[in-house]
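> Give me a 3D structure for the following:
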Amino acid sequence: MTDLGLLSQSLTGYMHLPSEKQSTLASCLAANTPKQTLPDQINYWHNYPKFFVSLMKTFYGDKAQKENDWGFNWVLKWDKSYDVLQYFEIINKGEVNGYICQGFNPLASFNDKNKIISSLSKLKFLVTIDPLNTETACFWQNHGEFNDVQPE
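This next block holds a predicted model:
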C-alpha cells in the first residue's frame, strides 16, 4: 500500500482500488472496512467509508453525489495484481504506449537488461524523473553496453 497511490491495487491514502468482484460501493466498503473483533476496540480504519467518500469527492468534485455512489462506477477496477516484472512483460508485447519511471532504474534493477531495453524500445514515450541520469533514462543512446538488442 502507499500514501501516493503508486501501486497497481492502491489508491491515495492507503485505500484499496476496488476489484472487479467489488461491483458496488457497498461491496467495496464491506470488503475493505475492518470489523471490530473486541468490545470497545479502537479501530481507526472503521472510518474507511468516510475516507473513501472523501477521496471520491476529491477526485470528482461536485459530480460525486450520494445518488451516484460518489462516482464509484468511474473508478477503474483491477482484474489482477500488476507488479513491475509483469508490467514489463506487457510492455514487451507492445501493449503499453508509455511509461513514467520515477526514482527507479529498471535497467539496473533487473537481471535481463537486453529484455528491458527491448521493452523500453517499444514504448511511444518514456518519462524518467530522477535527480541523476540513469541507464534507463539514456538507454536509447546505446553506448555499446548492450549489443544484443538495438532500440527500434
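> Name the next helix or strand downstream of the worst-scoring helix or strand of the chain on mean pLDDT, please.
Ranking every helix and strand in the chain by mean pLDDT, DSSP states H and E puts strand 10-11 at the bottom, with a mean of 86. Sequence order places strand 15-16 as the next helix or strand after strand 10-11, per DSSP states H and E.
> In the beta-sheet assignment, what are the partners of the residue nearest to residue 52 when sequence neighbours are not counted?
What sits nearest to residue 52 in space, not counting adjacent residues and going by Cβ to Cβ, 6 or more residues apart in numbering, is residue 15, at 5.9 Å. Every residue, glycine included, has its C-beta placed from N, CA and C. Taking DSSP bridges, one finds residue 11 as the beta-bridge partners of residue 15.
> which SSE is the residue located most distally from the centre of the chain in?
Counting by Cα atoms, centre = their mean, the extreme residue of the chain relative to its mean C-alpha position is residue 39, 36.6 Å from that point. Following DSSP H and E, there is no helix or strand that holds residue 39.
> Shouldn't residue 99 be within a helix?
No. Note on residue 99: no helix contains this position according to DSSP: H, G, I helix; E, B strand; the rest coil, which reports strand.
> Since that was my last question, I'll sign off now.
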